[in-house]
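# Quick one: sequence plus predicted model below, questions after.
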Amino acid sequence: MLANGTSYSTIEATLWCYRDYINRWRRRFGTHRLEGLRSRHQGQKPTVLTPALEARILAQTQQRPPDGSTHWSTRKLARVLKIHHNHVQTAWTRAGVQPHRFERYMRSDDPDFEPKAADVIGLYLQPPQHAAVFAADEKTAIQALDRLDPVLPLSPGRAERHGFEYYRHGTLSLFAALNTKTGEVLGQTVPRHTSAAFVAFLGDIVASQPRQREIHVILDNLSTHKTRAVAAFLEAHPHVHLHFTPTYASWLNQVELWFGRIERDLLTRGIFTSVNDLARQIRQYIRHYNDVAKPIRWKYCDPTRRITGSTSVGTGH
């Protein structure tokens, strides 16, 4: 078109290209003739995710990124290895590697971990005949939070929305005992979790069972569970036996699973106009929960492995 005398403006409008583009190829043709029209940038050969490359990706993933960040992203690792980020994602998916996630764990320092754990698990799997087994604990400092702005309900394409500001009416504590045979929960709200309140709750557990029935209660190592008042209660009620989980092993207590459930179902998103309203809603939740309660199936996820004093997940299902 240039050889025919066509103007730059006409060429730009006809071929949808810019003037710099036209001049670049005109100069290359004028200098190198037809050879100048060949591509000068062949690029690199496409990489293939070979087993060797996949092993290299996984090995580099286990090392810290050089920029000081805590974990890799697909693109960050791809730049270091000079490959396409899709190869990194494929290798991670195959190996089940997720660098953006992490879990916390708690290691028990109890020297008698295994005997105590075996005692608790034995109560779940083979409880004494004609005895009642309760997994008990307290959830402390539950806040009665009231939203200052109205809650906007969910609608198609929009999640339920809560105002950011809230008013704190106060706190209370919840004692709960899970009957491991039936799954039912006995609950009691108190202003504070004291030894006297715990002893009173033990009395509620005893009152819920027939007279002189043997009762086993699984507890953690909180100081309020081991006071003189508790010892006096046990002397007065010789058919009540307390079993303590190893230190830093609250995951062995089944009631913790129920605490997680009430936290998700009620406490996280609940709106409470007062402490009394919070207590009322907790009692209502427990009452409806007991209508459909089922025992927790307690089993090892992997029977070939011994239970140890370190865990990041519970074993209840």
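Noted; the coordinates are in hand. Bear in mind the structure is a predicted one, so any value in this text is a computation, not a measurement. Numbers count the residues shown, from 1 in each chain.

# can you pull the buried residues of the strand ranked longest in the chain?
When every strand of the chain is counted residue by residue (DSSP state E), the longest turns out to be strand 132-147. Neighbour-count burial for strand 132-147 flags 132-139, 142-146 (criterion: 16 or more other Cβ atoms under 10 Å). Where C-beta positions appear, they are placed from N, C-alpha and C, glycine not excepted.

# just stretch 118-132 next, same as before
Judged by neighbour count (16+ other Cβ under 10 Å), stretch 118-132 contains these buried residues: 119, 120, 121, 123, 124, 132.

# Disregarding residues adjacent in the polypeptide, which is nearest to residue 266?
Taking Cβ to Cβ, 6 or more residues apart in numbering, and ignoring the residues beside it in sequence, residue 266 has residue 285 as its nearest neighbour in space, at 5.2 Å.

# try residue 180
Among residues not flanking residue 180 along the chain, residue 133 sits closest, at 4.6 Å (Cβ to Cβ, 6+ apart).

# residues contacting that neighbour?
Applying Cβ atoms under 8 Å, 6 or more residues apart in numbering, we find residue 133 in contact with 123, 124, 127, 179, 180, 181, 215, 216, 217, 218.

# where's the residue nearest the centre of the chain relative to residue 245, distance?
Closest to where the C-alpha atoms of the chain average out (Cα atoms, centre = their mean) is residue 103, at 8.1 Å. Distance of residue 103 to residue 245, given as Cβ to Cβ, to the nearest Å: 21 Å.

# Enumerate the beta-bridge partners assigned to residue 133.
The residues paired with residue 133 through beta bridges, assigned by DSSP bridges, are residue 216.

# What is the neighbour count of residue 179?
Applying other Cβ atoms under 10 Å, we find 20 other residues in the vicinity of residue 179.

# That one and residue 132 touch, don't they?
Yes: at 6.7 Å, residue 179 counts as touching residue 132 under the criterion of Cβ atoms under 8 Å.

# quick revisit: following the longest strand of the chain, which helix or strand comes up?
Proceeding N to C from strand 132-147, the next assigned helix or strand is strand 166-179, under DSSP states H and E.

# Now the element after that next one, going C-ward?
Where DSSP H and E defines the elements, the next helix or strand beyond strand 166-179 is strand 185-190.

# need the helices for the chain, in chain order.
Counting by DSSP state H, the segments of the chain that form helices are 8-15, 19-32, 51-61, 74-81, 85-95, 113-125, 195-207, 228-236, 255-262, 275-291.

# Could you dump those helices into a markdown table and include distance to residue 174 and mean pLDDT?
As requested, those are arranged in a markdown table below (distance: least, Cβ to Cβ, whole Å; pLDDT from 0 to 100):
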| stretch | distance to residue 174 | mean pLDDT |
| --- | --- | --- |
| helix 8-15 | 76 | 90 |
| helix 19-32 | 73 | 90 |
| helix 51-61 | 43 | 95 |
| helix 74-81 | 44 | 95 |
| helix 85-95 | 42 | 95 |
| helix 113-125 | 22 | 91 |
| helix 195-207 | 10 | 95 |
| helix 228-236 | 19 | 95 |
| helix 255-262 | 8 | 95 |
| helix 275-291 | 6 | 96 |
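
# Sounds good, over and out.
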